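> quick one: sequence and predicted model below, then my questions.
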Amino acid sequence: MAIQGNTPTKLTLSKKSMTARQRALVTGKPDEFSEPLLELPLRARRGENSRKRSQAEEAMIVEKRKRREREKQDAEMRSVVASLLKKQTSKKIVQDEAREKRTVTRESKMKGPHLHYQDTASGCFVACSSGLDYPIQPQKLQPPKPQQQCAAPNCSNPRKYSCARSKQPVCSLQCYKAVETLG
């Protein structure tokens, strides 16, 4: 059983398992306590001033919370804007680099005499640069280079592969093995 207030009640617990306060309350004799035991008040009485004070504190807490939320939203918005601006500037830099590369390649293609052929719905057009003689003299085609033959003995097939070690032309795995044994 529990002890309530200052009224002693009969306990079924042994005195060894009780605290000094419980023993004092049960026997009615203060062992170690020279002062009488006081009861704690159940509720703290609040006055008008304390209510106003607590309401003001709550209002301050709410205001602080709102301010922190606004600051957090502002910081998040700033970071989003910064990342978007960074993406735009990097995208602009990439576009500028691509534009420069296109102009450089166009200029390198336009060096020297050149022809520009255009086939449209209204007709075909050929434009010549100022350094090109007109009419254009026909040129002879150069014959293609002869295809390499396999380096394996007794094989005249055209080259398909190269030996990794000797760099000689081979046409199949069998010829590859034959070239490796020779080399």
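Good, I have the coordinates. Note that this is a predicted model, so its numbers are computed, not measured. Residues are numbered from 1 along each chain as shown.

> any idea how far the residue nearest in space to the middle of the chain lies from residue 97?
Residue closest to the mean C-alpha point of the chain, counted by Cα atoms, centre = their mean, is residue 83 at 12.5 Å. Using Cβ to Cβ, to the nearest Å, we find residue 83 at a distance of 21 Å from residue 97. Glycine gets a C-beta too; all of them are placed from N, C-alpha and C.

> doesn't residue 64 fall inside a helix?
Yes. Counting by DSSP: H, G, I helix; E, B strand; the rest coil, residue 64 is part of a helix.

> per-residue pLDDT of it, please?
Listed pLDDT for residue 64 reads 94.

> off-centre distance for the worst-scoring helix or strand of the chain on mean pLDDT?
Ranking every helix and strand in the chain by mean pLDDT, DSSP states H and E puts helix 20-27 at the bottom, with a mean of 78. Mean-position distance between helix 20-27 and its chain equals 68 Å (Cα atoms, centre = their mean, to the nearest Å).

> test my guess that residue 148 contacts residue 170.
No. Using Cβ atoms under 8 Å, residue 148 is not in contact with residue 170, being 9.9 Å away.

> quick one, which of these two is more surrounded?
residue 170 (24 against 14; other Cβ atoms under 10 Å).

> what's the closest non-adjacent residue to the more buried one?
Nearest residue to residue 170, sequence neighbours excluded (Cβ to Cβ, 6 or more residues apart in numbering): residue 176, at 4.7 Å.

> ok, the one you found touching residue 161?
Yes. Counting by Cβ under 8 Å, residue 176 does reach residue 161; the two are 6.7 Å apart.

> got any residues that touch both of these two?
Listed contacts common to residue 176 and residue 161 are residue 170; contacts here mean Cβ atoms under 8 Å, 6 or more residues apart in numbering.

> quick one, helices of this structure?
With helices called from DSSP state H, the chain shows them at 20-27, 48-110, 173-182.

> dump those helices to CSV, plus distance to residue 152.
Formatted as CSV, the helices of the chain follow (distance: least, Cβ to Cβ, whole Å):
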stretch, distance to residue 152
helix 20-27, 108
helix 48-110, 44
helix 173-182, 4
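
> if I look at residue 18, how far off is residue 28?
From residue 18 to residue 28 the distance is 14 Å (Cβ to Cβ).

> the two - which one has more neighbours?
Higher neighbour count among residue 18 and residue 28: residue 18, with 15 against 8, using other Cβ under 10 Å.

> quick one: that one from residue 39, how far?
Distance from residue 18 to residue 39, by Cβ to Cβ: 19 Å.

> again with residue 27
With distances taken as Cβ to Cβ, residue 27 is found 18 Å from residue 39.

> who's more crowded, these two?
Under the criterion of other Cβ under 10 Å, the comparison of residue 27 against residue 39 puts residue 27 first, with 11 against 8.

> if we can go back for a sec, just the local confidence number for the residue nearest to the centre of the chain, please.
Note for residue 83: predicted pLDDT of 86.
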